[in-house]
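> I need the structure of the sequence given here:
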Amino acid sequence: MQLAQQAPQLYNLPFLHRQMVETLGIKNAAKLIPMSDDQKPADPVTENQNILMMKPVKAFSYQDHESHIAVHQAAMNDPKIIALLQNNPQAQQLAATMMAHINEHAGFQYRKEIEKQLGMALPKQHMDDMNEEEDENMSPEVEYAMSQKMAQAAQALLQQNKQQAAQQQAAQQAQDPIIQMQMQELQLKAQEQQRKATKDQTDAQLKMKQLEIEAQRIQSQQRTAALQVTATTALGQEKLKTQRMVDGGRMALDAISKERQYAHDIGVKAVDNKGKKDLAMQQHLQNKDATNQQHQQSLEQQRTAIQNAPKEPKKENK
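Below is the predicted model:
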């Protein structure tokens with residue numbers, strides 16, 4: 001007992017006291033010194049009552065530990081209970097007992113969640129040192145392999161609990177008016193940023209569309225200019241061809257006209273020469289006729305003169 005008093009945290013004091021009472025031969029030691037191993041499963045409210053009456057309580061592995069913890073924490077935070085315990089000299093001990101019992105439930109809950117992560121049940125392990133004979137023996141190899149799997153399961157459980165804690169904290173903060181105002185401000189800023197981003201995107205799309213339209217306009221102008229050049233070139237070539245044809249026709253007409261003029265001039269000259277010949281011939285004939293007439297007249301005059309000349313007397317032949 002002296003050693004237990006020097007280091008009470010190292011000893012199971014209820015069990016030690018019961019052994020002493022039994023050694024002294026006192027009857028009903030179990031009723032005089034109740035222990036947690038003697039307890040039967042109870043609902044969380046009954047457990048709260050036992051703790052307030054400083055009776056031992058015990059958690060069992062198959063209980064709904066989350067619900068038990070919620071009920072125990074609600075009792076600890078209940079302002080009526082807190083007010084009643086303010087002047088109670090056993091208040092600290094009651095609070096310590098409650099926390100120890102909550103931790104017992106938390107340990108079982110943690111074990112259940114690790115088993116859920118592993119997908120298998122862990123070896124049975126009695127939580128009381130007085131029942132070590134009920135524990136399942138585990139070889140070092142099995143313990144080593146289980147430890148590695150437990151490490152992975154513990155990390156996965158840690159991440160899951162962190163996410164849940166973050167979600168709960170976010171939910172609590174969402175109910176705070178100041179946090180709500182801040183969230184609204186953040187939402188307004190986010191909406192403004194989204195609006196600006198949408199506007200910038202829309203402006204960029206409009207700019208791109210304008211650039212596309214401008215590029216299409218330039219291409220259209222270039223095509224139109226190319227068509228105009230092609231049309232102008234073709235028109236110029238056609239005009240040149242037509243001009244050449246006109247010039248060729250004109251030259252042909254000029255040649256024909258010149259030929260006709262030449263032929264006319266030759267015809268005129270021929271006619272003129274023939275006329276001159278005819279005129280000369282006519283003049284010659286006229287002159288010849290005049291000469292003949294003159295000669296005829298001369299002959300006529302001579303004939304007349306001969307006829308009119310006096311006749312000589314005929315001589316007689318002797």
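
> three-state assignment of residue 42?
coil (DSSP: H, G, I helix; E, B strand; the rest coil).

> any idea how many residues pack against it?
Neighbourhood size, residue 42 [other CB atoms under 10 Å]: 17. Backbone N, C-alpha and C define where each C-beta goes, glycine included.

> contacts only, for it.
Contacts for residue 42 (CB atoms under 8 Å, 6 or more residues apart in numbering) come out as 50, 57.

> distance of it relative to residue 77?
Relative to residue 77, residue 42 is positioned 21 Å away (CB to CB, to the nearest Å).

> now do the helix or strand that residue 296 is a member of: distance to the chain's middle.
Applying DSSP states H and E as the criterion places residue 296 in helix 177-308. With CA atoms, centre = their mean, to the nearest Å as the basis, helix 177-308 stands 62 Å off its chain's centre.

> what does stretch 157-165 give?
Between the centre of stretch 157-165 and the centre of its chain there are 34 Å (CA atoms, centre = their mean).

> who's in contact with it?
If you take CB under 8 Å, 6+ apart as the criterion, stretch 157-165 is touched by 110, 113, 114, 117.

> in PyMOL, select just the buried ones from the residues you listed.
Filtering these down to the buried ones (16 or more other CB atoms under 10 Å) takes a single PyMOL command:
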select buried, resi 113+114+117
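
> just send the contacts of stretch 157-165 back as CSV, with distance to residue 25 too.
Converted to CSV, these look like this (distance: CB to CB, whole Å):
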residue, distance to residue 25
110, 43
113, 47
114, 46
117, 51
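
> out of the contacts of stretch 157-165, which comes closest to residue 208?
Of all these, residue 208 sits closest to residue 117, with 52.3 Å by CB to CB.

> so that closest one touches residue 153, yeah?
Yes. With contact defined as CB atoms under 8 Å, residue 117 reaches residue 153; the gap is 3.6 Å.

> show me where pLDDT drops low in this protein?
The chain contains residues with pLDDT under 70 at 1-18, 21-22, 28-38, 125-138, 271-272, 274-275, 309-318.

> need the residue closest to the centroid of it.
residue 201 (11.3 Å; CA atoms, centre = their mean).

> pull the residues that contact stretch 94-114.
Applying CB under 8 Å, 6+ apart, the contact partners of stretch 94-114 are 47-48, 51-52, 54, 57-61, 63, 65-66, 68-69, 72-73, 75-76, 85, 88, 122, 127, 150, 153-154, 157.

> tell me how far stretch 299-309 is from the chain's mean position?
On CA atoms, centre = their mean, the centre of stretch 299-309 falls 148 Å from that of its chain.

> export that stretch to PDB, keeping only CA atoms.
Output in PDB follows, covering the C-alpha atoms of stretch 299-309 (Å, rounded to 0.1, in the frame of the first residue of the first chain):
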ATOM      1  CA  LEU A 299     -10.600  67.000-208.100                       C
ATOM      2  CA  GLU A 300     -14.000  68.400-208.600                       C
ATOM      3  CA  GLN A 301     -12.600  71.700-209.400                       C
ATOM      4  CA  GLN A 302     -10.100  70.300-211.800                       C
ATOM      5  CA  ARG A 303     -12.800  68.200-213.400                       C
ATOM      6  CA  THR A 304     -15.000  71.300-213.600                       C
ATOM      7  CA  ALA A 305     -12.100  73.300-215.000                       C
ATOM      8  CA  ILE A 306     -11.400  70.700-217.600                       C
ATOM      9  CA  GLN A 307     -14.900  70.500-218.600                       C
ATOM     10  CA  ASN A 308     -15.100  74.200-218.800                       C
ATOM     11  CA  ALA A 309     -11.900  74.600-220.800                       C
END
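
> give me the nearest residue to residue 183, chain neighbours excluded.
Once flanking residues are discounted, residue 183 sits nearest to residue 174: 6.9 Å by CB to CB, 6 or more residues apart in numbering.

> against residue 186, how distant is the one you found?
Counting by CB to CB, the gap from residue 174 to residue 186 is 12 Å.

> and for residue 115?
Taking CB to CB as the measure, residue 115 falls 40 Å from residue 186.
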